[in-house]
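In: heads up, no residue letters with this:
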């Protein structure tokens, strides 16, 4: 092999994690290489052609707040937009869009090609070169590729998705493959094992893709998009986004015949024959898994979703399977409206290698190798949004590592990304991890609408957000704060006509003066309905007006959660050295010492969240710290 050129950062893999990582490093100004097995698979969506969903939509807003690309690209290729959980509180409402799969990939490839400081190279990375430092910890020095030779680099980010050691299964047919019948990555696993990195084997799957002409849509339930589309990105023009024609999706259900076909052929499923050894995602099981595990359910809901404007491929969400091709046809034809359905791509399961996330610091840097970062499904997660968010943070921290600056650890109360990473590096995972709103104890603080208030400061510190763009985010936050404060001083009395509105909305009339914050806080009232009593109200963009209303309505609950964060902050601020030998701390239980030695928590707060470490262990640890 021969030496090639030198880069500051080498990003391995051009999926959703790799794209965000490479863009972040290059936009900050680092000389960056992005290696991919195929330039035709950049930002591919081998599974669901959608972006967002419960918890996932929050991540997309957070990516945009930190200067990432996913939200803006998703806005540009939106086919349909819906906000989930609208009947519930603001904390759990999540945006989800049906995206044009091919346009998204093409758009991201074009963005990469036009980004300064970024080289995109089609090659397989087969080895990461390291050297030992004075501290005994190894550090990255370069990467080996096939067929392009060796490249020196200061930092590397592994974003291999489901390609690493990829094996696909369709019934008894098993072959080495990446998603969508692409080439797998085979050389990197032995290299990582030689470095002492603990690896795991996970699996995921996809449903069949159906030709549109073969589906009878007239007998299916239709799902239309929402009336007003809130953009993911502050860079998107809301008027232009709301001018698009939204494409309908549809719903169909499995039935007794479908379930009988699956049960009769379950022995042919590689999931049940022992052919598949990897662990699959609990919250996105295959259809055969659902039928067997939930035998009491008479039917399962499936979503019929278009994959793009320029294709007749239809995605059948909820129907992922690894059953043989002939069984897939029988299952499909048992569905109402799919009696004559034509399969264009058959469903498959895919196994792949990933890292045990306990091998990572909260910065996403590997504990054993300085300058080596992981992101996305390589870290044990599932989903495009989880991958992209991790890729962005890994890119920010790789750039900070190269420049010798302190890296970023996002606290749990800062974001869903912070929650995701803390869960991974503190508790680990025994299945592909999926973000959900229920994973955060600070849901009301980390809503979709306030992502830039929470996170833009981190990207500004790292150099990804310019002073100008950061000032714009600060100004938007200040506009919300100023409007809430102004409303506190706008008073209305019973003679103003407000009581007619209150009675109309089914709430108690006022007998004396009240400020508009108090009025808006009442059930059935909102910010827009009080405009007629507020002649000096400023013109706020729709997203900021909705945020004003949310902050007012949930003020007491928000204050309570902020107080809880403040109570926990002392534990989060008490740092723990990475060099502590917990086995030498007297009074610490053996299990706790072993768990602490494995995780190497950064703070007392993180130590307290480790499974197997109880409050008594934390007390022993605090006493030991005081005696040092």
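Out: Structure's in. What do you need? All values derive from a computational prediction rather than experimental measurement.

In: could you check how far residue 596 is from residue 422?
Out: 16 Å (C-beta to C-beta, to the nearest Å). Where you see a C-beta, it was placed from the backbone N, CA and C, and this is true even at glycine.

In: count of residues packed around residue 327?
Out: 21 (other C-beta atoms under 10 Å).

In: ditto for residue 221
Out: Per other C-beta under 10 Å, the neighbour tally for residue 221 reads 13.

In: same deal with residue 411?
Out: Per other C-beta under 10 Å, the neighbour tally for residue 411 reads 18.

In: so what's it closest to, chain neighbours aside?
Out: residue 418 (5.5 Å; C-beta to C-beta, 6 or more residues apart in numbering).

In: now that neighbour: how far from residue 92?
Out: From residue 418 to residue 92 the distance is 17 Å (C-beta to C-beta).

In: of these two, who's got more company?
Out: Neighbour count, other C-beta under 10 Å: between residue 418 and residue 92, residue 418 has more, with 25 against 20.

In: report the contact partners of the residue nearest to residue 345 when sequence neighbours are not counted.
Out: In this structure, residue 345 finds its nearest non-sequential neighbour in residue 209, 4.1 Å apart by C-beta to C-beta, 6+ apart. Applying C-beta atoms under 8 Å, 6 or more residues apart in numbering to residue 209 gives the contacts 307, 313, 314, 315, 316, 343, 344, 345.

In: in a markdown table, list these along with distance to residue 265, neighbour count and pLDDT.
Out: Output for these, formatted as a markdown table (distance: C-beta to C-beta, whole Å; neighbours: other C-beta atoms under 10 Å; pLDDT from 0 to 100):
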| residue | distance to residue 265 | neighbour count | pLDDT |
| --- | --- | --- | --- |
| 307 | 27 | 24 | 97 |
| 313 | 25 | 18 | 97 |
| 314 | 24 | 24 | 98 |
| 315 | 23 | 26 | 97 |
| 316 | 18 | 25 | 97 |
| 343 | 16 | 17 | 98 |
| 344 | 22 | 16 | 98 |
| 345 | 20 | 16 | 97 |
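
In: let me have the residues you listed in a markdown table, extended by secondary structure.
Out: Formatted as a markdown table, those follow (DSSP: H, G, I helix; E, B strand; the rest coil):
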| residue | secondary structure |
| --- | --- |
| 307 | coil |
| 313 | strand |
| 314 | strand |
| 315 | strand |
| 316 | strand |
| 343 | strand |
| 344 | strand |
| 345 | strand |
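
In: hmm, back to that, now do the contacts for the residue nearest to residue 411.
Out: So residue 418 contacts 410, 411, 412 (C-beta under 8 Å, 6+ apart).

In: three-state assignment of the first one?
Out: Right, the one you point to is residue 410. The local conformation at residue 410, judged by three-state DSSP, is coil.

In: quick check: which element contains the closest residue to it other than its chain neighbours?
Out: In this structure, residue 410 finds its nearest non-sequential neighbour in residue 418, 3.3 Å apart by C-beta to C-beta, 6+ apart. Assigning secondary structure by DSSP states H and E places residue 418 in helix 416-427.

In: I'd like the mean pLDDT over that helix, please.
Out: Helix 416-427 shows a mean pLDDT of 97 in the predicted model.

In: repeat for stretch 456-476
Out: Across stretch 456-476, the average pLDDT comes to 97.

In: can you name the residues in contact with that stretch?
Out: Under C-beta under 8 Å, 6+ apart, the answer for stretch 456-476 is 24, 27-29, 65-67, 234, 396-397, 399-400, 405, 408, 410, 452-453, 544.

In: which of the residues you listed are buried?
Out: Among the contacts of stretch 456-476, those buried by neighbour count (16 or more other C-beta atoms under 10 Å) are 24, 27-28, 65-67, 234, 396-397, 399-400, 408, 410, 452-453, 544.

In: so which of those residues are in helices?
Out: Of the buried ones among the contacts of stretch 456-476, the ones assigned to helices by DSSP state H are 24, 27, 28, 65, 396, 397, 399, 400, 452, 453, 544.

In: what would those residues look like in TSV with pLDDT and distance to residue 249?
Out: Shown next, in TSV, are those (pLDDT from 0 to 100; distance: C-beta to C-beta, whole Å):
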residue	pLDDT	distance to residue 249
24	98	33
27	98	34
28	98	38
65	98	28
396	98	35
397	98	38
399	98	39
400	98	41
452	96	30
453	96	32
544	96	30
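
In: now render those as a markdown table, adding distance to residue 185.
Out: Shown next, in a markdown table, are those (distance: C-beta to C-beta, whole Å):
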| residue | distance to residue 185 |
| --- | --- |
| 24 | 22 |
| 27 | 26 |
| 28 | 27 |
| 65 | 31 |
| 396 | 24 |
| 397 | 23 |
| 399 | 24 |
| 400 | 27 |
| 452 | 35 |
| 453 | 39 |
| 544 | 45 |
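
In: count of neighbours near residue 108?
Out: Count around residue 108 with other C-beta under 10 Å applied: 23.

In: so that it lines up with my notes, have the first residue be 34 from now on.
Out: Shifting the count to begin at 34 puts that one at residue 141.

In: quick one: it from residue 178, how far?
Out: Taking C-beta to C-beta, one finds residue 141 at 22 Å from residue 178.

In: one more: residue 444?
Out: In terms of C-beta to C-beta, residue 444 sits 37 Å off from residue 178.

In: over to residue 122?
Out: Using C-beta to C-beta, we find residue 122 at a distance of 49 Å from residue 178.

In: between these two, which one's more packed in?
Out: The neighbour comparison of residue 122 against residue 178 (other C-beta under 10 Å) goes to residue 178, with 23 against 14.

In: buried sites along the strand or helix carrying the more buried one?
Out: When elements are assigned from DSSP H and E, residue 178 belongs to strand 171-179. Within strand 171-179, the residues that qualify as buried are 171, 172, 173, 175, 176, 177, 178, counting by 16+ other C-beta under 10 Å.

In: I'd guessed the second one sits against residue 401; true?
Out: This points to residue 172. No - if you go by C-beta atoms under 8 Å, residue 172 and residue 401 don't touch, sitting 10.2 Å apart.

In: ok, and what's touching the helix-or-strand element of the chain with minimal mean pLDDT?
Out: Ranked by mean pLDDT, DSSP states H and E, the weakest helix or strand in the chain is helix 303-306, scoring a mean of 87. Contact partners of helix 303-306, identified using C-beta under 8 Å, 6+ apart, comprise 202, 204-205, 207, 299-300, 309, 313, 319, 321-322, 325, 355, 382.

In: where does the stretch 284-433 of the chain dip in pLDDT?
Out: Judged by pLDDT under 70, the stretch 284-433 of the chain has no weakly predicted residues.

In: could you rerun that using 80?
Out: Scanning the stretch 284-433 of the chain for pLDDT under 80 picks out 316.

In: all helices for it, in order.
Out: Using DSSP state H, counting those that start in this stretch, the helices of the stretch 284-433 of the chain run over 289-297, 303-306, 320-326, 358-366, 417-435.

In: got it, and the stretch 134-283 of the chain?
Out: Assigned by DSSP H, counting those that start in this stretch, the helices in the stretch 134-283 of the chain fall at 134-146, 221-227, 271-274.
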